[in-house]
Structure formats: structure tokens, C-alpha cells
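J.: Whatever this is, show me its structure:
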Amino acid sequence: MQLNQGALLNVIRMFFLLLGSFIGVSVALGEAREDWWFAGWTGAIIGLGFASFMIVLDVMLRGVTIRSFSHGTFGLLIGFLCAWLVTRIGFFEAGWVQQFELAGNIFNLAIFLGFGFLGVMLALRSKREEFSLLIPYVRFRQDSLQDLPTILDTNVIIDGRVHGICEAGFLGGAIVVPRFVLDELQKMADSADETKRSRGKRGLDCLNRMQSTDGIDVIINDDNYASGLSGDSKMVELADELNGRILTNDSNLGKVARLKGISVLNLNELALALRPIVSPGDEVELELVKSGKDDHQAVGYLPDGTMIVVNHGKKLMGTTQAVIVGGAVQTSAGRLIFAELRDH
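T.: I've put the predicted structure just below:
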């Protein structure tokens, strides 16, 4: 049985507590000359206290990722570099300052702490693209667009087609489901409205199928955002943080995300791109499902819903026939195609 991430983290924390206690006891017994029992207990408590402090610190920093840590470290180095340049001016080595050596040391320490703090905060607030301004020939990007994490919104999960697309191997990289999207699906599934409840359950069922399918890596992102932000704003912000792409069928969300330079995959655009193109003279296998307007006509449909009227096909309704496309007419209801039976 696969261990989920939360349980694995708890196991590691428990092991770290035991390790801290063991090291504390070992060090205390190694240094004790007498009363080793008291020394052992003291070492265990100190080791346990240190390990507990580190675990509390880890919980407080649970929203910090390795990317944020690397950005903060880089900003700290830039801040220290600026502080070193300032202190090299020699202002604190002037004659009147040398009379107050302690004050000069305090000023030096304050400058390093201040610039280091500002460097960390500025780096954490900066976007990935802004680092390329500082290091022009280094690009912080994924090696392949196919490997970018794909973030799903609520509508595309409820749509249900994403599972088949992932299962067919057309989407690479991790599939990311934000916590606020999962909460919205759960709220819909518990709604008193029958339509919302049905949509919510369909979305949750789609996620369960994806998680149980081998080769599909579904990750629940637990990042928190300000309560005043809309769902679309949270999606765009998360995609920017993860340097990922958004999979949606909401055209408005796609427009906003593209304005911010985020890659967007729209299922409706994909469906239009995959719509079969038929031209006069093409041969199509078509199931004749109902009669047409004229007595001799039968009607069939392409996979995208385009209607084909087959002349002299009424007597063959209910069967699949090879038809030859004759022409097409654009009507207010869509494209209407006329065809003839191949063997007529």
C-alpha cells in the first residue's frame, strides 16, 4: 500500500525525534564522569527539545518550497555583497569613528543584517523572469514544455475528458489540483442543489479515476492565498509560482493567464483542432441514424457532431455505410454536408 506524503512526513519527524534523543543521550553519557543516570536523562531531554524545536520550525515553514529557499539564499548573498561594498568605503575607519570601536562594529553588523534582510525579501517577491535581468545568459526554465506541471481548474475536472487525455499519454509532467479547487468540488458535491451535487460528484469521481490510473501523477497543492482573491486569480498566481501551465475550458481564464505570460491549454480549442475536415470526394464511414427531410434521405453524424445528409440512404437506416462527400452548406445551425452512398 502506497504511503501518502503526509504520513511519510510524520514518520520522518518521529524518526528525527528518536535520533535527537539518542544523540543527546550518547553525548551526555560520553561526557559524564559520575551520576550517569542523571546525565543520560538530561541529554535525552536536550536532544528531544532540539529536535522538537526543529519540527516546529518545519511546520511553520511548510509553505516554503526549495524554490523559495533558493531564491532567499540568492537574495541573501546579493544583500551581503552590497553590505560588503558599503563597508569597504572606509567611513567607519575615519579618525573620529575609531574612538568608538564598539559603535563601528555595531554599525557594520547592522548594515550586514539590514542588507541581508532586504535581499531575502526582495528575492522572495521577485518572479523567475526577473533573475534573467541580473544574470542575462542564465534562464530559469524547464527543459521541455511537455514536462511543465499542468494545473487543472474546476470546470475542466467536471468536464471529465482530461482523464482520457492523460491516460492516452498526451499530457506529460505532474497533474496539479489546487486545494481551493478540491474544496470547491467538495462543496458542490455536498450542495442541496441536484445539478451542483451531480457536477461535484462527477468531478471527484474523475480525480479518483486519475489517481488510480498508473502513469498519471496527481498532486494536491496546499498553498494558501488571500481570501479576497477569485478562483481565476488564484489559478494564475499558482501557475506563475510553479512555472506551470493551466488546463481549462474557460476562455476568460485563458485570456487572463495568457496576458500574464502563462501557457494555457484549452480543451475546447483542442476539440476544434481535432474536428475532422471533409472535402468533396472524401469517403467516410457513417452510421445512418435517422431519416432526412426528403423521403429518400438518411442522416448521420461525424464524431464532432457535424450532420451529414445521405441521399438514397433511408432504406439503410440503422447500418454503417461508406459514403462519398458531395458538398457542404453553411447554415445558421452549423455546417451541413451532403453525401452519396458509395455503392449506390
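
J.: averaged over its residues, what pLDDT does stretch 121-141 have?
T.: The average pLDDT within stretch 121-141 is 59.

J.: what's the longest strand along the chain packed up against?
T.: Ordering each strand of the chain by length in residues (DSSP state E) puts strand 320-331 first. Counting by 3 or more Cβ pairs under 8 Å, 6 or more residues apart in numbering; DSSP states H and E, the packing neighbours recorded for strand 320-331 are strand 283-287, strand 307-311, strand 334-341. (Each C-beta comes from the backbone N, C-alpha and C, glycine too.)

J.: which of the ones you listed sits most buried?
T.: Among those, the stretch with the highest mean neighbour count (mean count of other Cβ atoms under 10 Å) is strand 307-311, at a mean of 20.

J.: and it, which strands flank it?
T.: Using DSSP bridges, the strands paired with strand 307-311 are strand 298-301 (antiparallel), strand 334-341 (parallel).

J.: How far off centre is the shortest one?
T.: Put plainly, it is strand 298-301. Distance of strand 298-301 from the chain centroid (Cα atoms, centre = their mean, to the nearest Å) equals 42 Å.

J.: Other residues contacting that strand?
T.: Residues from elsewhere that reach strand 298-301 (Cβ atoms under 8 Å, 6 or more residues apart in numbering): 286-292, 307-310, 313-314, 316-317, 323.

J.: Strands of the chain, residue ranges please.
T.: For the chain, the strands defined by DSSP E occupy 150-152, 175-178, 218-221, 245-248, 264-266, 283-287, 290-291, 298-301, 307-311, 320-331, 334-341.

J.: picking up where we left off before, rebuild the strands paired with strand 307-311 as CSV, extending it with mean pLDDT and distance to residue 180.
T.: Listed next are the strands paired with strand 307-311 as CSV, based on pLDDT from 0 to 100; distance: least, Cβ to Cβ, whole Å:
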stretch, mean pLDDT, distance to residue 180
strand 298-301, 90, 39
strand 334-341, 83, 37
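
J.: Specify the residue ranges that define each domain of the chain.
T.: The record's domain parsing of the chain by automatic domain parsing lists 5-134, 145-273, 283-341.

J.: Could I get the phi/psi values of residue 289?
T.: With angles defined as degrees, to the nearest 10, residue 289 sits at phi -110, psi -20.

J.: Flag the shaky bits of the stretch 51-200 of the chain, pLDDT-wise.
T.: Flagging of the stretch 51-200 of the chain using pLDDT under 70 yields the residue ranges 63-65, 67, 90-104, 127-147.

J.: could you redo the last one with a cut-off of 80?
T.: The stretch 51-200 of the chain contains residues with pLDDT under 80 at 60-71, 88-108, 123-148, 172-173.
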